[in-house]
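Participant: please find the sequence and the predicted model below.
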Amino acid sequence: MAIDELLAQFHEIATSPRKQLDKYLAQGKKVVACAPVYTPEEIIHSMGLVPMGVWGAEMEVNEAKKYYPAFICSIMQVVLELGVTGQYKGVSAIVIPSLCDSLKSLGQNWKYAVPDIPFIPMTYPQNRKPAYGVKYTKAMYERVISDLQTATGAQFSGVALANSNRVYNEHNAVMREFAEVAADHAITAAQRNDVFKSAWFMLKEEHTALVKQLIEEMKKTPKDESKVRVVVSGILADSPNLLQIFDKNGLKIVADDVAQESRQYRTDVPDMENSLDALAQKFADMDNCTLLYDRDKKRVGYIVDQAKKHNAVGVIVLMTKFCDPEEFDYVPIKRACEAAGLRHLNIEVDCQMVNYEQAGTMIQAFKEMA
Amino acid sequence: MGEEVKKKRRAPDPNSAKYKLGQIAAKAYSDCVEAKARGEKIGWCASNFPVEIPETLGLHVCYPENQAAAIAARGGGERMCSESEGDGYSNDICAYARISLAYMKLKKAPEQDMPQPDFVLCCNNICNCMIKWYENIAKELDIPMIMIDIPFNPDYEVSDAEVEYIEAQFWDAIHQLEDITGKKWSDERFKEVKEISGRSSRAWLKATACAKYVPSPFNGFDLLNHMAVMVTARGKAEAAEAMETLLKEYEENHKTGKSTFRTDEKYRIMFEGIACWPWLRATSTGLKSRGINMVTTIYADAFGFIYDDFKGMCRAYARVPNAMNLELSRDKRIKLCKDNHVEGLLVHTNRSCKLWSGFMAEMSKQIGQACGIPVVSFDGDQADPRNFSEAQYDTRVQGLMEIMEANKEGH
Ligand code: SF4
Ligand code: SF4
């Protein structure tokens, strides 16, 4: 397939999750929704279920207001809104982790707002690295397994999980490679996002195959060296209107620290005898994320390193409004960028954003900064 | 926490619970200052961190949430919040954290000073905001951070897996602190602290349960002040003694027909949420002027730290407010409403506290239904004065009163 055709396909999938859901349901598969930011997708996949990400959408919120006050991030508001209004009909269950305070309350509201889609909690430990933390992660995985069995009737097997772990590791590697190829070859910010976003609505083996083709084709194209190179950080970077401004200003995303994008693919499941132990160890090995306890703020150094490694001029933080964990990290990120001589910019975003004028002006000023 | 509702009254009786409790709260700060001056390492500690650990080890700690409340109650909230915002912290972040981060930088506040920390003790059983806040302090000051993770529990009961995880972390924290400070854990001393903490808790539970009497022998705003001692000092003998005095006073008030609610008690409500410290007088007067006594809050139940052993302590810390699921949170409140003859629920939708406010709408609706009482909410903030409107508060409280009045007539 030609690049354009492939990109059109990614775009189609990224923008029509409902169609994907219906497609899997029509195949007789059961689908499990996965709330941000991390869930044990490998387990869901291994049980023959289709994990699909739910990260909100650009829309107005009405029904969710009965549950959430206005100062909860729009991702939580929209996920709840879509649930209440029946947009997830057909989904067998939703797995919600409690990684931030707003996610904790999503699960509680969900039970009453969307009673026909069972809520499966995934409790991750913050002290995830010591042996007792890994043990706790495993116990919580076991709880998810048992809840999934109840909700879907599907069965769990360690052998199947070992296979899914491999499928996910391969997908991770492909996504990491894609991010590198996209840093040096022509692709718009919106197209880059389509590739990442579509991953949430497809079985990973299908997505891997498609991304591999894209990488092959992109490698044949000449290097794209004329752009202003930037690193983007945040929870989401998927607003088409916003991404357009990047392209209009000749900004190229050469690496990202976006929760919905590369943060998902940095860590592989290690090779261990017991596949569930291995998956618990994966969580222990994860780092550089605002939602994972990080006394040393390694994430900050990681972002700066990414910028240097990719010859970026600076870091653009897309701050999800009301996302307090990310707001805490912004100050150290800003300071580290200043110390490293990198430009930095903080743009507030949310799913109800309609006016991009200010963002446009800021990005233009960022570009012109010497 | 911090400021008394009514200042500049006649000189307090040194044998009164109020005086004793005030002294304990003040002494916590001066003890820290003195320890620091002696060259001891002192800590900043999260409000629901297991106090038994520093107490048993003989460490002096102070409480940033307590300090932020005091600063806010004495009028410094906006100044300190703006300071942090100037550094790039969003005004969306919990105001306690904003005040604390500003204090870390400025190192002084006329409203309430405390010494700078040599380590921080973090526990996220009240919120994950705490983790980010303490990470930033630890990184900025380059000091050790002890992190005890007590996850939000989606279930009604605390699982064995969770207790095991918490227990391992408690020991880990103890060993880290032994290394940092050179102090040693003693099982014997822990037993004493456990017993004192149990004594304080029992007295607190009984004192707050005196709201079962009609009229109540106390004004519920008392609890907001006295709970600071329960949070920070319940493992100290003076605290147990002061709580027992409080209980005695409330029982005595009941017998003699007195109350610290110094007007006719026409209505009885439960108050939900943290106090609006910058607007304490306004929020209290808005109720009192209408004869509404806030007889109970979840704090009445929150400090039942009565347990038999180390494991029991771990379990108790997993059952603090904000770590409980909706159903358990709801049922505890329903019990308080029923036990204390509550006629209405006033909910503080706290701009600072995403977790406390995040499922409050659904939960308070269920409480209202179960108890057959009206529920009214108002917008506020526990420490940033800019997020509260007196006019809105007044209208909402008036509305609540009118429904309670109509309910009385209907009966
Ligand atoms: S955007 Fe931030 S606040 Fe919202 S769910 Fe994600 S991490 Fe939590
Ligand atoms: S007010 Fe809420 S967010 Fe702030 S420290 Fe307390 S529990 Fe955490």
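Facilitator: Looks like it came in fine. Ligands and ions are numbered 1, 2, ... in the order given.
Participant: and the pLDDT at the residue in chain B positioned nearest to ligand 1?
Facilitator: Going by C-beta to the nearest ligand atom, ligand 1 is nearest to B:Lys354 of chain B, at 7.5 Å. C-beta coordinates here come from the backbone N, C-alpha and C atoms, glycine included. On pLDDT, B:Lys354 comes in at 97.
Participant: same question for B:Pro12.
Facilitator: pLDDT, read off for B:Pro12, is 81.
Participant: so it touches B:Tyr19, yeah?
Facilitator: Yes. Counting by C-beta atoms under 8 Å, B:Pro12 touches B:Tyr19, with 4.4 Å between them.
Participant: ok now do residue 337, which residues does it touch?
Facilitator: Chain wasn't specified; assuming chain A. A:Cys337 makes contact with A:304, A:307, A:314-315, A:343-344 under the criterion C-beta atoms under 8 Å, 6 or more residues apart in numbering or on different chains.
Participant: the chain in question should be chain B.
Facilitator: B:270, B:296, B:345, B:367, B:371, B:373.
Participant: number of residues surrounding residue 305?
Facilitator: The chain I'm using is chain A. 15 (other C-beta atoms under 10 Å in any protein chain shown).
Participant: other chain: chain B
Facilitator: When neighbours are counted by other C-beta under 10 Å, B:Phe305 comes out with 25.
Participant: show me which residues of the stretch 101-250 of chain B are close to chain A?
Facilitator: For the stretch 101-250 of chain B, the residues found near chain A under the criterion C-beta under 8 Å from any C-beta of the partner chain are B:124, B:127-129, B:131-133, B:135-136, B:138-139, B:145, B:147-149, B:151-155, B:159, B:161-162, B:164-165, B:168-169, B:172.
Participant: one more pass at 7 Å, please.
Facilitator: B:124, B:127-129, B:131-133, B:135-136, B:138-139, B:145, B:147, B:149, B:151-152, B:154, B:161, B:165, B:168-169, B:172 (C-beta under 7 Å from any C-beta of the partner chain).
Participant: export the contacts of B:Cys337 to a markdown table and tack on distance to ligand 2 and secondary structure?
Facilitator: Shown next, in a markdown table, are those (distance: C-beta to the nearest ligand atom, whole Å; DSSP: H, G, I helix; E, B strand; the rest coil):
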| residue | distance to ligand 2 | secondary structure |
| --- | --- | --- |
| B:Met270 | 19 | strand |
| B:Thr296 | 20 | strand |
| B:Leu345 | 19 | strand |
| B:Ile367 | 20 | helix |
| B:Cys371 | 25 | helix |
| B:Ile373 | 25 | coil |
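Participant: closest to B:Gly358 out of the residues you listed?
Facilitator: When these are compared for distance to B:Gly358 (C-beta to C-beta), B:Ile367 wins out at 15.8 Å.
Participant: and the gap between that closest one and chain A?
Facilitator: Distance from B:Ile367 to chain A, counting by C-beta to the nearest C-beta, to the nearest Å: 13 Å.
Participant: contacts only, for the closest residue to that residue other than its chain neighbours.
Facilitator: Ranked by C-beta to C-beta, 6 or more residues apart in numbering or on different chains and with sequence neighbours excluded, the top spatial neighbour of B:Ile367 is B:Arg333, at 5.3 Å. Going by C-beta atoms under 7 Å, 6 or more residues apart in numbering or on different chains, B:Arg333 touches B:270, B:298, B:367.
Participant: contacting residues for B:Lys255?
Facilitator: B:Lys255 sits next to no residue when contact means C-beta under 7 Å, 6+ apart.
Participant: check for me that it belongs to a helix.
Facilitator: Yes. B:Lys255 sits within a helix when classified using DSSP: H, G, I helix; E, B strand; the rest coil.
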